[in-house]
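S.K.: Structure for this input, please:
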Amino acid sequence: MSLANFDLDDLRAKIRTAYRTDDPILARFRAYARQMKTKVRPLRLYSVNAVSFVSSDGGDNRLVFNPAVVELVRVVDSRGNQCALDAIGSNTPSSELEKRVQSGTDLVSPLQRLCSDLGTTVNDLSYLLSSMGVPGKSTGAIRCYRDIVEWAVLYELATNPNLQWGGDTILVRDGLLRTKSFKLNIFPKLDRLFREGIAAYAKRNVRLSLVGVAKQSAVLSRLAVALELEGVFHRDYPCYVEVDADVEAECYNYDRTWLSTYETADTDEDGKQRYQSMGKMFLAKFGDRPFDGVWPVDIAIWDAPNAERVLGQLTVDAQQGFPIPDYPMCIQRAHDFAKLTGLEVEILQDILVDGMCSTLSGVESERLLRMKHLGQSLAALRYKEG
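M.R.: I've put the predicted structure just below:
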């Protein structure tokens with residue numbers, strides 16, 4: 001039934017009646033926005049060396065020749081350096097992940113160093129990894145593994161004493177500085193290692209800052225209408241505002257561990273803290289026009305008192321942003337390096353097929369290759385070329 005068959009007057013009345021139950025929520029969020037409006041601060045520009053890293057999107061790096069499916073886990077930084085590379089089959093069991101921290105062709109160096117410093121195995125990093133190879137659940141497990149590898153790369157960049165950074169450097173994560181991928185007993189250890197590594201750089205007169213920038217978040221999504229109606233960021237200069245803890249908690253349906261850091265987490269009966277965040281959230285507009293984009297930004301909690309400097313440094317990088325204006329250029333550059341072109345994917349597809357042929361007889365290999373090259377959809381090729 002199309003919309004033309006609806007009684008629009010009746011439907012309009014029902015929608016308006018339904019909305020009235022949510023109207024108090026908007027009123028409450030507008031009150032939050034008015035509070036934030038009084039706290040908005042301008043951003044000054046500070047020069048800095050900004051480095052980001054990006055894990056290429058799973059859908060763009062999936063090699064498929066049914067029933068074989070291989071996911072590429074590839075992390076590249078904004079300087080074009082490949083930081084990590086792995087290939088995971090859809091039926092790869094979780095036990096196979098341990099090879100990624102053992103010397104050999106499957107070695108993923110940043111992950112090896114992370115596990116070594118944490119004193120744990122790959123599978124002990126997350127409960128979600130136990131679903132590897134389980135039909136219907138492996139996609140989520142691979143997504144978790146990709147996130148863990150990204151954190152391992154960030155850990156490598158932030159704590160490796162052999163890396164030489166400029167006197168003032170920010171490491172920008174494509175995503176917030178919080179995660180549900182690690183177990184609750186693992187994340188506090190990871191947090192402590194980050195703090196120790198950055199403190200070691202400080203002793204060498206290198207000021208290293210951690211920042212996470214997301215294109216969207218529950219906070220921005222829930223507050224977006226209220227922020228616009230109240231004109232919180234309608235200013236002709238770059239600006240930012242800190243998101244208060246109570247406002248952030250109102251926007252998320254996650255449990256407290258997603259919001260808590262070492263400084264705010266409660267201690268349980270065993271004397272341990274349960275938290276999965278090391279960031280303090282801010283909303284920032286890096287452009288100098290009233291309607292420029294606003295982005296959620298996590299600054300490492302220990303650097304939160306220096307938010308104006310850190311965000312001012314990020315503004316210099318963001319104002320060069322292209323094709324997304326006023327979005328950190330280092331992240332966009334890392335994306336450009338990380339993504340694979342159609343020709344590159346086709347070459348990798350051929351490698352996958354060669355691997356399948358290696359276990360077949362000559363006749364079977366010929367049949368498989370004939371199917372691949374002669375059985376393609378001509379219609380699909382036509383529109384692909386177009």
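
S.K.: what's the distance between G80 and D336?
M.R.: 9 Å (C-beta to C-beta, to the nearest Å). (C-beta placed from N, C-alpha, C; glycine too.)

S.K.: next one: I301
M.R.: Here the criterion is C-beta to C-beta. By it, I301 lies 31 Å from D336.

S.K.: Check R370 too.
M.R.: Distance, R370 to D336, by C-beta to C-beta: 37 Å.

S.K.: out of these two, which sits in the busier spot?
M.R.: D336 (13 against 10; other C-beta atoms under 10 Å).

S.K.: How many residues are close by Y252?
M.R.: 14.

S.K.: Identify the residue nearest it in space, chain neighbours excluded?
M.R.: The shortest distance from Y252 to any non-neighbouring residue, by C-beta to C-beta, 6 or more residues apart in numbering, is to A218 (5.2 Å).

S.K.: In this structure the one you found contacts C251, no?
M.R.: Yes. Taking contacts as C-beta atoms under 8 Å, A218 lies within contact range of C251: 4.8 Å.

S.K.: neighbour-wise, which of those two wins?
M.R.: The neighbour comparison of A218 against C251 (other C-beta under 10 Å) goes to C251, with 19 against 15.

S.K.: my guess is the more buried one meets A226, correct?
M.R.: No. C251 is beyond contact range of A226, at 10.9 Å (criterion: C-beta under 8 Å).

S.K.: for the stretch 151-300 of the chain, what are the low-confidence residue spans?
M.R.: Within the stretch 151-300 of the chain, the set of residues satisfying pLDDT under 70 comprises 254.

S.K.: can you give me the strands for it?
M.R.: Assigned by DSSP state E, counting those that start in this stretch, the stretch 151-300 of the chain shows strands spanning 168-174, 207-213, 239-242, 279-285, 295-300.

S.K.: May I see these organised as CSV, with mean neighbour count added?
M.R.: As requested, the strands of the stretch 151-300 of the chain are exported to CSV (neighbours: other C-beta atoms under 10 Å):
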stretch, mean neighbour count
strand 168-174, 23
strand 207-213, 23
strand 239-242, 22
strand 279-285, 24
strand 295-300, 25
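
S.K.: May I see those arranged in a markdown table, with distance to P135 as well?
M.R.: Listed next are the strands of the stretch 151-300 of the chain as a markdown table, based on distance: least, C-beta to C-beta, whole Å:
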| stretch | distance to P135 |
| --- | --- |
| strand 168-174 | 30 |
| strand 207-213 | 33 |
| strand 239-242 | 45 |
| strand 279-285 | 35 |
| strand 295-300 | 35 |
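
S.K.: For burial, what's the neighbour tally of F233?
M.R.: 24.

S.K.: List the beta-bridge partners for the closest residue to it other than its chain neighbours.
M.R.: Once flanking residues are discounted, F233 sits nearest to K285: 4.7 Å by C-beta to C-beta, 6+ apart. Beta-bridge partners recorded for K285 (DSSP bridges): C239.

S.K.: For K285, give its distance to Q319.
M.R.: Per C-beta to C-beta, K285 is found 11 Å from Q319.

S.K.: Quickly list what's touching both of the two.
M.R.: Counting by C-beta atoms under 8 Å, 6 or more residues apart in numbering, the contacts common to K285 and Q319 are P238, D326.

S.K.: wait, what's in contact with F182?
M.R.: Counting by C-beta under 8 Å, 6+ apart, F182 touches L125, S126, I148, W151, L190, Q276.

S.K.: quick one, whichever strand in the chain runs longest and strand 168-174 angle?
M.R.: In the chain, taking DSSP state E as the definition, the longest strand is strand 68-77. Inter-element angle recorded for strand 68-77 and strand 168-174: 160 degrees (by axes from the mean of the first three to the mean of the last three C-alpha atoms, to 10 degrees).

S.K.: And the nearest residue in space to E230 that is not next to it in sequence, its phi and psi?
M.R.: Excluding the flanking residues, the one nearest E230 by C-beta to C-beta, 6+ apart is A33, at 4.2 Å. Main-chain torsions, A33, degrees, to the nearest 10: phi -60, psi -40.

S.K.: same check, this time on D326
M.R.: According to degrees, to the nearest 10, D326 has phi 60, psi 40.

S.K.: That one against Q320, yeah?
M.R.: No. Counting by C-beta under 8 Å, D326 stays clear of Q320, with 9.2 Å between them.

S.K.: Who has more neighbours out of the two?
M.R.: Neighbour count, other C-beta under 10 Å: between D326 and Q320, D326 has more, with 22 against 15.

S.K.: Could I get the contacting residues of the more buried one?
M.R.: Per C-beta under 8 Å, 6+ apart, neighbours of D326: K285, F286, G287, D292, G293, A318, Q319.

S.K.: try 6 Å
M.R.: Contact analysis of D326 by C-beta atoms under 6 Å, 6 or more residues apart in numbering lists F286, G287, D292, G293, A318.

S.K.: Equivalent analysis for D117, please.
M.R.: Here D117 is in contact with L193 (criterion: C-beta under 6 Å, 6+ apart).

S.K.: how many neighbours does the closest residue in space to I88 that isn't next to it in sequence have?
M.R.: Once flanking residues are discounted, I88 sits nearest to E71: 4.8 Å by C-beta to C-beta, 6+ apart. When neighbours are counted by other C-beta under 10 Å, E71 registers 23.

S.K.: hey, what's E71 bridged with?
M.R.: Counting by DSSP bridges, E71 forms beta bridges with R62, I88.

S.K.: Surely it touches S90?
M.R.: No. The pair E71 and S90 does not pass the contact test of C-beta atoms under 6 Å, sitting 7.2 Å apart.

S.K.: Point out the other helices and strands that the helix ranked longest in the chain packs with.
M.R.: Ranked by residue count, the top helix of the chain under DSSP state H comes out as helix 138-159. If contacts are counted by 3 or more C-beta pairs under 6 Å, 6 or more residues apart in numbering; DSSP states H and E, helix 138-159 sits against strand 49-55, strand 68-77, strand 82-89, helix 109-118, strand 168-174, helix 187-203.
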